[in-house]
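Sequence isn't available, so here's the structure alone:
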């Protein structure tokens with residue numbers, strides 16, 4: 001048994017949870033915040049059998065794609081300068097796959 005921990009962008013979490021649920025793969029969603037933009041993200045704890053790991057990783061890769069987003073840049077103190085939007089990359093996922101030695105439901 002494997003525990004897959006995936007941190008994904010909030011905007012991708014619902015689609016990923018839906019895809020995992022359709023595949024009959026157990027998932028628990030935790031709200032979390034962090035990263036460069038200090039925006040909401042979602043931490044998913046996914047229980048998977050050994051043979052399901054590649055399927056889970058495929059669902060994460062196809063659902064949580066990286067994309068560019070324009071952010072307003074703070075106003076500078078340089079007279080006559082115009083703040084330009086800043087392009088940053090959002091989305092994707094950070095994933096850990098851990099071996100689980102024992103599971104108990106109490």
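Yep, that arrived. It should be emphasised that the depicted structure is a prediction, and the values quoted were computed from it without experimental measurement. Numbering: from 1, shown residues only.

In the protein, where is pLDDT below threshold?
For the chain, applying pLDDT under 70 flags the ranges 35-39, 74-82, 89.

For it, just list every one of the helices.
10-22, 53-63 (DSSP state H).

which helices and strands does the first one pack with?
Helix 10-22 makes packing contacts with strand 26-34, strand 39-48, helix 53-63 when contacts are defined by 3 or more Cβ pairs under 8 Å, 6 or more residues apart in numbering; DSSP states H and E. All C-beta spots, glycine's among them, are computed from the backbone N, C-alpha and C.

could the helices of the chain be laid out in TSV, adding mean neighbour count and distance to residue 106?
Converted to TSV, those look like this (neighbours: other Cβ atoms under 10 Å; distance: least, Cβ to Cβ, whole Å):
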stretch	mean neighbour count	distance to residue 106
helix 10-22	17	24
helix 53-63	16	25
